[in-house]
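# Just a sequence and a predicted model for now, questions to come.
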Amino acid sequence: MIELQNVALRYGKQSVLEDISLSLGERRIGIVGANGSGKSTLARLLNGLLLPSEGTVRVDGMDTAKDGRKVRAKVGFVFQNPDNQIVFPVVEEDLAFGLKPLKLPKDDVSRRIDAMLARYDLGAYRTHPSHQLSGGQKQLLAICGVLIMEPACIVFDEPTTLLDLRNRNRVAQAIAELDQQVITVSHDLDLLADYDRILVIDQGRVVCDDVPQKALPFYVDLMS
Ligand SMILES: Nc1ncnc2c1ncn2[C@@H]1O[C@H](COP(=O)(O)OP(=O)(O)OP(=O)(O)O)[C@@H](O)[C@H]1O
């Protein structure tokens, strides 16, 4: 469970989020809103990538401002652009890096990498240069890089924005199949249509918090 209490976030004098209090427990939560409304900022607060200027964010009771490392082990974050996430030149190295803190035996590391790549049809690319993967494959590798650390919750920031339709569908399916709690920021409303809960953000505030059948039409109306 992620809980935000009276959260505000400012960059210098600019107020980006104001007085946000939320308990996020549903299995699938979507976040929508206009460009610049504060969605990515909100998403980054959820695992301590950003800390609030006011208020608290807690993950299973742990304050993101105090227990950042433990929080990030519980809540993974997949960036919009996988190039920002894939740091190693070879696919298997990128996945092994995430496992380093666990200090697992070499064989275990290897088995976990094999299993993860097989799950996303990337088995043939284990020793391939990461940056030569297609856009969709890179996004899948970025997801693997987070999943291999076995977080209980994964935050996706516009996971399909850079993808063509085929890769968009692959990534959408990969997300749909996850057992974990998923919180997705997206402009792709179809991706969120069967979610449990949608937050509509406007100018740094939650202006609608409801099931998709109500929240998505509210958002479409807001944008027209
Ligand atoms: N590091 C930063 N320093 C200063 N201002 C920032 C920074 N990051 C974001 N902002 C500002 O905060 C506001 C909200 O940005 P945010 O990225 O959260 O919006 P968003 O809803 O995710 O937008 P988009 O749909 O375009 O990705 C914007 O006005 C943006 O310019």
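Okay, I see it. Residues are numbered from 1 along each chain as shown.

# quick one, strands of this structure?
Ranges of strands within the chain are 2-11, 14-24, 28-33, 54-59, 62-63, 75-78, 153-157, 181-185, 197-202, 205-210, based on DSSP state E.

# Could you see whether the ligand lies near the second one?
Yes: interface with the ligand: strand 14-24 contributes Val16 (C-beta under 6 Å from any ligand atom). All C-beta spots, glycine's among them, are computed from the backbone N, C-alpha and C.

# and this protein, which residues reach the ligand?
11, 16, 33, 35-41.

# Which members of the residues you listed are classed as buried?
For those, a burial check counting by 16 or more other C-beta atoms under 10 Å picks out 16, 33, 37-41.

# can the residues you listed go into CSV with extra columns for distance to Ser130?
Output for these, formatted as CSV (distance: C-beta to C-beta, whole Å):
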residue, distance to Ser130
Val16, 32
Gly33, 32
Ser37, 32
Gly38, 31
Lys39, 27
Ser40, 24
Thr41, 28
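
# Among the residues you listed, list the two that are farthest apart in space.
Using C-beta to C-beta, these span at most 11.7 Å, a distance reached by Val16 and Gly33.

# Quick check, Ala8 in contact with Pro52.
Yes: Ala8 is in contact with Pro52 according to C-beta atoms under 8 Å; the separation is 6.5 Å.

# Need the residues touching each of these two.
Leu17 (C-beta atoms under 8 Å, 6 or more residues apart in numbering).

# thinking again about what came up before, specify which member of the buried ones among the residues of the chain next to the ligand is nearest to Arg126.
Once C-beta to C-beta is applied, the member of these that ends up nearest Arg126 is Ser40, at 31.6 Å.

# what about the helices in this protein?
39-45, 68-74, 91-99, 106-119, 135-147, 165-176, 212-223 (DSSP state H).

# related to what we said a few turns ago, so which two of the residues of the chain next to the ligand are the farthest from each other?
Tyr11 and Gly33 (17.1 Å).

# Can I get the helices of the chain in CSV including mean pLDDT?
Shown next, in CSV, are those (pLDDT from 0 to 100):
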stretch, mean pLDDT
helix 39-45, 96
helix 68-74, 91
helix 91-99, 91
helix 106-119, 91
helix 135-147, 89
helix 165-176, 87
helix 212-223, 96
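
# could the ones you listed go into a markdown table alongside distance to Val200?
What follows is the helices of the chain, written out as a markdown table (distance: least, C-beta to C-beta, whole Å):
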| stretch | distance to Val200 |
| --- | --- |
| helix 39-45 | 10 |
| helix 68-74 | 25 |
| helix 91-99 | 33 |
| helix 106-119 | 33 |
| helix 135-147 | 25 |
| helix 165-176 | 20 |
| helix 212-223 | 5 |
